[in-house]
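*Asks:* with the sequence up front, the predicted model follows.
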Amino acid sequence: MKGLWDNIGLIVGVLYLILQILPYLKKKRDEAAEYAASEPFDADSGQTQQATINPPQAAEAPSFDDEVFGLEARVNGLAQSLGNRPGPAAVLGKVIESRIRPQLIGARELLRLAVDDPGLLYDAHQTLEDIGLRIAVIETMAKWRSDPKLGGFLADADAIAHALLVPLTEHAQAGAIEFPTQRPLCVPADPEGEAIWIGLLEDYPLIFVPDDFGDDLYRWPSIAHEIGHLIWHRVPGYGAEVMKKLDLEGSTRLAIQGRSFDVKPAYRAWIQELVADAFALLILGPAGLRGLIHSFRNPTQPRATRVAAIYRDGTFEEHPPAELRVLLGAALLTEIGFDVEAKVLVAEWTREHASTEGILVPLPQSRAVISVPTEVWLEVGRPIMLEWYALSYSSLGGHEIRSVHGVEMTPGMWKKVSQRAADLVSGTSFNDDPKIVVAAAIEARARSPGAKLRLERAVREAILGLDAKEKRVADRNYARTGRTTQSQLLRDAIVLRELLSRPRAQVGQRARRGRASAL
């Protein structure tokens, strides 16, 4: 029996080869019979002309050859369609030449080696399947980028992500941390394809954008939230260090003993999402929390905002209840210095979602639901968020995240945001840091709901293709501008394009000294 298991790979390979070759042999046999039946009788020899059939060797593996040819044809078609286009298209072209073509060459070599070692046929099949998946992902991205609407909102997301990542990129370029310094590339969020994208574009900062990002300016903070996930995964050791310093290592399984309920396992499961939320607030200040509230609000079903989801195996799902995310975000904003703004935003949330029910925890394998007072969760969660904000991390070069120059939205900067929001609403020209403009656009959206279309149109035109340099086809969904004149739109577009594309190299000497001291 042991010998059987020792050779199981060889046995599987041989069986697989037989299954691949049998259809080929049957096809040749049928062709020979058809050929013999149709060939005229030779009166001189008295014999029928017969076709010669030579059984194929393993090297022929016809179906594998067809598969490789098919994959190569798809790659060539992709390369031709991408051409010499700049921006994300150029990145996809580089991936094809540096990753996909070498993998196809390797697959051909694996098939050649399988002539002497049939056990490798399974590996070859798996390799070709993996290459096919990667090509499909790139084909999908190329299709997205060429789509008039989807390509447009991805170009918007690229520009915003680039503007918000500049401080961290500069921190990495100074050698303080290990972090990708290339321009970010935004990809529509798709849990099934994220791992493939990360593998294909390991040298690029990838931002996974929610599919409703292009619907409203309020969704812009989702980019800052995704930057938090990016740092968690792409700064070596950062996520593990956060878990250790906050004493959140261990099980994420629901723990109930009698009447005692331990909330710590939930925070172990939630910490990455909470840190991502914290980055959105750190980068955009109150505008970040305003965006999160817009995403979470559910006034018709407020109870849904207080449910702590649990998997069937009893472990907590990774996303905290919206109620806690809003309240913990407000606690962090208060610590940063936005106590007045935090109270206003919490009041807005509470008006639509107020309840004395607490956080609801559905018990696995049961229809029972227990209610744990919200304050019990906050007593543990508040210190976690404030400690995360105050701690220094060796993975960040020994710095507190707030000490990285340009990352934190301070109360002083927020005064500028407030003024710029008023300027945007009134149409007054100005020039400022892109981060301030992004936050100001969100605040302007809140102050002047009636100007929603005008603000969205102006901002979209301003940031269009900032990274990709690709022309965007007009989207009819954003063409209805009401009473706004075309000259007004053009003026807003020019103003915002100017400030979003302003070179960072023009920062004054004083700012450079401040950055050096922060490092």
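*Replies:* Sure, I can see it.

*Asks:* which ones are touching Glu357?
*Replies:* Arg303, Arg306, Ser371 (CB atoms under 8 Å, 6 or more residues apart in numbering). All C-beta atoms are positioned from the backbone trio N, CA, C, and that covers glycine.

*Asks:* would you confirm that the first one contacts Gly358?
*Replies:* No. Judged on CB atoms under 8 Å, Arg303 makes no contact with Gly358 at a distance of 11.0 Å.

*Asks:* which residues touch Pro265?
*Replies:* Gly250, Ser251, Thr252, Arg253, Leu254, Ala255, Thr315, Phe316.

*Asks:* quickly list what the fourth one is bridged to.
*Replies:* Right, the one you point to is Arg253. For Arg253, the beta-bridge partners are Thr315 (DSSP bridges).

*Asks:* give the burial count for Gln103, as a bare number.
*Replies:* Counted with other CB atoms under 10 Å, residues neighbouring Gln103 total 16.

*Asks:* assign a three-state SS to the closest residue in space to Leu327 that isn't next to it in sequence, would you?
*Replies:* If the residues on either side of it in the chain are set aside, Leu327 comes closest to Leu378, at 6.2 Å by CB to CB, 6 or more residues apart in numbering. What DSSP: H, G, I helix; E, B strand; the rest coil gives for Leu378 is helix.

*Asks:* ok, now how distant is Leu378 from Asp212?
*Replies:* According to CB to CB, to the nearest Å, Leu378 stands 29 Å off from Asp212.

*Asks:* who's more crowded, those two?
*Replies:* Neighbour totals were compared for Leu378 and Asp212, and Leu378 leads with 17 against 12 (other CB under 10 Å).

*Asks:* who are the contact partners of that one?
*Replies:* By CB under 8 Å, 6+ apart, the residues touching Leu378 are Leu324, Leu327, Leu328, Ala331.

*Asks:* helix, strand, or coil at the first one?
*Replies:* So that's Leu324. Looking at Leu324 with three-state DSSP, the answer is helix.

*Asks:* for it, which non-adjacent residue is spatially closest?
*Replies:* Leaving aside its chain neighbours, Leu324 sits nearest to Trp377 (5.7 Å; criterion: CB to CB, 6+ apart).

*Asks:* just the last one next, same as before
*Replies:* Counting by CB to CB, 6+ apart, Arg382 is the residue found nearest to Ala331 once chain neighbours are left out, at 4.9 Å.

*Asks:* got the buried residues for whichever helix or strand that neighbour is part of?
*Replies:* Assigned by DSSP states H and E, Arg382 falls within helix 374-390. For helix 374-390, a neighbour-count test (16 or more other CB atoms under 10 Å) marks Thr374, Trp377, Leu378, Gly381, Arg382, Ile384, Met385, Trp388, Tyr389 as buried.

*Asks:* roughly how far apart are the second one and Pro102?
*Replies:* Between Trp377 and Pro102 the distance is 51 Å, computed by CB to CB.

*Asks:* same question for the fifth one.
*Replies:* When distances are taken as CB to CB, Arg382 and Pro102 turn out to be 51 Å apart.

*Asks:* so how far is the host helix or strand of Ala73 off the chain centroid?
*Replies:* Assessed by DSSP H and E, Ala73 sits inside helix 62-82. Centroid separation for helix 62-82 versus its chain: 28 Å, with CA atoms, centre = their mean, to the nearest Å.

*Asks:* contacts for it, please.
*Replies:* Residues contacting helix 62-82 (CB under 8 Å, 6+ apart): 20-21, 23-24, 56, 89-90, 92-93, 96-97, 100-101, 104, 107-108, 111, 121, 124-125, 128, 131-132, 135, 138-139, 142.

*Asks:* please indicate which of these are buried?
*Replies:* The buried subset of the contacts of helix 62-82 - by 16+ other CB under 10 Å - is 20-21, 89, 92-93, 96, 100, 104, 107, 111, 121, 124-125, 128, 131, 135, 138-139, 142.

*Asks:* circling back: can you list which of the contacts of Leu378 are found in helices?
*Replies:* Mapping the contacts of Leu378 onto helices (DSSP state H) picks out Leu324, Leu327, Leu328, Ala331.

*Asks:* mind listing the helices for the stretch 301-450 of the chain?
*Replies:* 322-336, 339-353, 374-390, 411-426, 434-447 (DSSP state H, counting those that start in this stretch).

*Asks:* now render these as a markdown table, adding distance to Glu67 and mean pLDDT.
*Replies:* A markdown table is the format used below for these (distance: least, CB to CB, whole Å; pLDDT from 0 to 100):
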| stretch | distance to Glu67 | mean pLDDT |
| --- | --- | --- |
| helix 322-336 | 47 | 97 |
| helix 339-353 | 54 | 96 |
| helix 374-390 | 49 | 97 |
| helix 411-426 | 55 | 90 |
| helix 434-447 | 47 | 88 |
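
*Asks:* out of those, nearest to Leu363?
*Replies:* helix 374-390 (17.0 Å; CB to CB).

*Asks:* now that closest one, how far from the chain's geometric center?
*Replies:* 27 Å.

*Asks:* relative to helix 322-336, how tilted is that helix?
*Replies:* 40 degrees (axes from the mean of the first three to the mean of the last three CA atoms, to 10 degrees).

*Asks:* where does the stretch 201-350 of the chain dip in pLDDT?
*Replies:* 258 (pLDDT under 70).

*Asks:* same deal with the stretch 401-519 of the chain?
*Replies:* Within the stretch 401-519 of the chain, the segments meeting pLDDT under 70 span 429-431, 457-519.

*Asks:* cutoff 50 now
*Replies:* In the predicted model of the stretch 401-519 of the chain, residues 464-519 satisfy pLDDT under 50.

*Asks:* again with the stretch 51-200 of the chain
*Replies:* Residue ranges of the stretch 51-200 of the chain with pLDDT under 50: 51-62.

*Asks:* residue boundaries of the helices in it?
*Replies:* Using DSSP H, counting those that start in this stretch, helices in the stretch 51-200 of the chain cover 62-82, 88-95, 101-113, 120-146, 148-173, 194-200.

*Asks:* and the helix or strand following the last one, which strands flank it?
*Replies:* Sequence-wise, the next helix or strand downstream of helix 194-200 (DSSP H and E) is strand 206-209. Partner strands for strand 206-209, per DSSP bridges, with pairing direction: strand 185-188 (parallel).

*Asks:* and the contacts of the partner strand?
*Replies:* Contacts of strand 185-188 (CB under 8 Å, 6+ apart): 88, 91, 141, 144, 150, 154, 157-158, 161, 193-194, 197, 201, 204-209, 211, 223.

*Asks:* Arg303 and Gly358 - which one has more neighbours?
*Replies:* More crowded of Arg303 and Gly358, by other CB under 10 Å: Gly358, with 16 against 12.

*Asks:* spit out the contact partners of the more buried one.
*Replies:* Counting by CB under 8 Å, 6+ apart, Gly358 touches Arg306, Ser371, Val372, Pro373, Thr374, Val376.

*Asks:* and the second one, what does it touch?
*Replies:* With contacts defined as CB under 8 Å, 6+ apart, the neighbours of Ser371 are Glu357, Gly358, Ile359, Leu360, Val361.
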